[in-house]
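> sequence-free structure coming up:
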């Protein structure tokens, strides 16, 4: 079909033609998606995502894994802290993640961040939006702040994955999203290459608060893709608290366990 006729076709017909010429594949298992399926993940991979449910640390959200998920009692662990949080509480009031950072979640996040699969922002963001913000320990948030990328890295990637996720959540929760609250001042090494101790050193002094007037007295939730050691969100939460935020929460798609 000539380009002019394609541009005049109905959206449904255009989508069908594009699927025929460029059949969509699941970014995780590379299985061809079913005809008309708009979700970028296949059904099998979507179901294979390991949802996080109580019991978990009431501060950092680390799942308590002594019981299989099928036997976990939602009332257990509500007032419990993990060993790390007992030793030293982080500057954020709580952290919550939708799924464990297992094989499927890892492949999906990598496809989203590094392979330009921006369409994954919708299903991954919806995992976060499905949480009830009214159930957070300090109540519903007043502002969502995506973890910033260094300008050079954002130019290379073409987008900030945390901002795309935050926008999806903000629309669902009707909470404002501000990408200008924090700024990344140092072009740090990728955290995936580093040990826990090196991660903490890598982000030391890497963030600064740009708009303190937006966070003073407000409950701010940081949004990112993965919580691994917590070094990045800890550094950002510290900036927000120093700027007068009444409370800081953390929301990520996945949590390393």
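Nice, thanks for sending it over. Remember, predicted model here, so these are calculated numbers, not experimental data.

> can you give me the end-to-end distance of stretch 110-129?
Terminal residues of stretch 110-129 are spaced 20 Å apart (CA to CA, to the nearest Å).

> Which parts of the stretch 51-200 of the chain are helices?
83-87, 103-114, 121-129, 151-157, 161-173, 196-202 (DSSP state H, counting those that start in this stretch).

> List the neighbours of the first one that are in contact with it.
Looking back up the chat, that one is helix 83-87. 57, 59, 60, 62 (CB atoms under 8 Å, 6 or more residues apart in numbering). All C-beta spots, glycine's among them, are computed from the backbone N, C-alpha and C.

> what's the farthest-apart pair in those residues?
Largest separation among the contacts of helix 83-87 by CB to CB: 59 and 62, giving 8.7 Å.

> Using TSV, lay out the helices of the stretch 51-200 of the chain together with distance to residue 215, mean neighbour count and mean pLDDT.
TSV is the format used below for the helices of the stretch 51-200 of the chain (distance: least, CB to CB, whole Å; neighbours: other CB atoms under 10 Å; pLDDT from 0 to 100):
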stretch	distance to residue 215	mean neighbour count	mean pLDDT
helix 83-87	23	12	93
helix 103-114	26	19	95
helix 121-129	20	20	96
helix 151-157	21	12	91
helix 161-173	15	21	98
helix 196-202	23	15	74
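
> Same list (those) but as a markdown table, adding distance to residue 214.
Shown next, in a markdown table, are the helices of the stretch 51-200 of the chain (distance: least, CB to CB, whole Å):
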| stretch | distance to residue 214 |
| --- | --- |
| helix 83-87 | 28 |
| helix 103-114 | 26 |
| helix 121-129 | 21 |
| helix 151-157 | 20 |
| helix 161-173 | 14 |
| helix 196-202 | 26 |
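
> Ok, which of those comes nearest residue 45?
For residue 45, the closest of these is helix 103-114, at 5.2 Å, according to CB to CB.

> tell me how far the closest one is from the chain's mean position?
Distance of helix 103-114 from the chain centroid (CA atoms, centre = their mean, to the nearest Å) equals 12 Å.

> Point out the other helices and strands that that helix packs with.
Packing partners of helix 103-114 (3 or more CB pairs under 8 Å, 6 or more residues apart in numbering; DSSP states H and E): helix 43-48, helix 121-129, strand 219-227, strand 247-255.

> Would you mind giving the orientation angle of the last one with respect to helix 121-129?
Relative orientation of strand 247-255 with respect to helix 121-129: 130 degrees, computed using axes from the mean of the first three to the mean of the last three CA atoms, to 10 degrees.

> Which secondary structure elements does strand 247-255 sit against?
Packing contacts for strand 247-255, counted by 3+ CB pairs under 8 Å, 6+ apart, involve strand 94-100, helix 103-114, helix 121-129, strand 219-227, helix 231-242.

> how about JSON lines for these, with distance to residue 155 added?
Shown next, in JSON lines, are those (distance: least, CB to CB, whole Å):
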{"stretch": "strand 94-100", "distance to residue 155": "28"}
{"stretch": "helix 103-114", "distance to residue 155": "15"}
{"stretch": "helix 121-129", "distance to residue 155": "19"}
{"stretch": "strand 219-227", "distance to residue 155": "19"}
{"stretch": "helix 231-242", "distance to residue 155": "20"}
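
> wait, which of the ones you listed is closest to residue 208?
helix 231-242 (6.5 Å).

> Which residues outside that closest one are in contact with it?
By CB under 8 Å, 6+ apart, helix 231-242 touches 90-92, 95, 145, 147, 181-182, 191, 196, 199-200, 202-204, 206-209, 215, 220, 222, 224, 227, 248, 250, 252.
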